[in-house]
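J.: Kindly return the folded structure for what I paste below:
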Amino acid sequence: MGSHYSALIMMDFPKDIDTSGIIGRLTNQETEVAFEGTYNPAMLLDTGTVAVCNFKNMLFMQGEVLFGRDNEAEFQEHLKELSTGGRLFHWTVEDTSGTLAFDYVENGSVKRSWWSCVPRVNLNAGNPLPNEPPGKFGSDLGDEDVEEWDIVTVAEGFGFIWDELEEAPCTIYRPKKVEKISNTETSQKPWWRFW
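T.: Reported below is the predicted structural model:
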């Protein structure tokens, strides 16, 4: 796994769900299919790419950080809206800032949220999930180092198995390139003329 990414597992959703539309909502940009094959983390090295895999009746998405937590209330509302009609598990890893976070949401209701930016736990809400390693995700980091693999362990409680992901069919989406408009099309004045 990389050191700067988000992952999202969507469960109990229709098989014909509009994955491109979901990515557009998460990234606020239009995307296009870049590649179809089987999952390989190396395919996510290009900036802005998102992998979408159908895996064990789940939809798995991974890419650069898809969600920001600058506005926690807005972030939680976004997750609730996205989970309508199903369940989702989301996690974020960002090594530079030491950020680790995960959320579990059922049909518009946030059941569990945990977010830390070392050495502080910023958010610890809801009851521990069945697969949470004991003592890892409390209100205090203490002497226990929390790693991204601890969060993957929590995800595996929903039937997700990281080691089997590489065999999953996968589509890589990338942002659509936007054509730049030249100065001659937007204005007839030279760039240095202000009047």
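J.: which residues does residue 173 contact?
T.: 19, 20, 23, 31, 32, 33, 34, 49, 50, 51, 52 (Cβ atoms under 8 Å, 6 or more residues apart in numbering). Yep, even glycine has a C-beta here, placed from its N, CA and C like the rest.
J.: host element of it?
T.: Following DSSP states H and E, one finds residue 173 within strand 169-175.
J.: Run through the residues that contact residue 105.
T.: Taking Cβ under 8 Å, 6+ apart, one finds 79, 80, 82, 83, 87, 88, 89, 90, 111 in contact with residue 105.
J.: what's around the residue nearest to residue 7 when sequence neighbours are not counted, how many residues?
T.: Leaving aside its sequence neighbours, residue 7 sits nearest to residue 62 (Cβ to Cβ, 6 or more residues apart in numbering; 4.5 Å). Using other Cβ atoms under 10 Å, residue 62 has 24 neighbouring residues.
J.: what comes up buried for stretch 111-129?
T.: Across stretch 111-129, burial judged by 16 or more other Cβ atoms under 10 Å covers 112, 113, 114, 115, 116, 121, 128, 129.
J.: ah, wrong one, I meant stretch 88-97
T.: Across stretch 88-97, burial judged by 16+ other Cβ under 10 Å covers 88, 89, 90, 91, 92, 93, 94.
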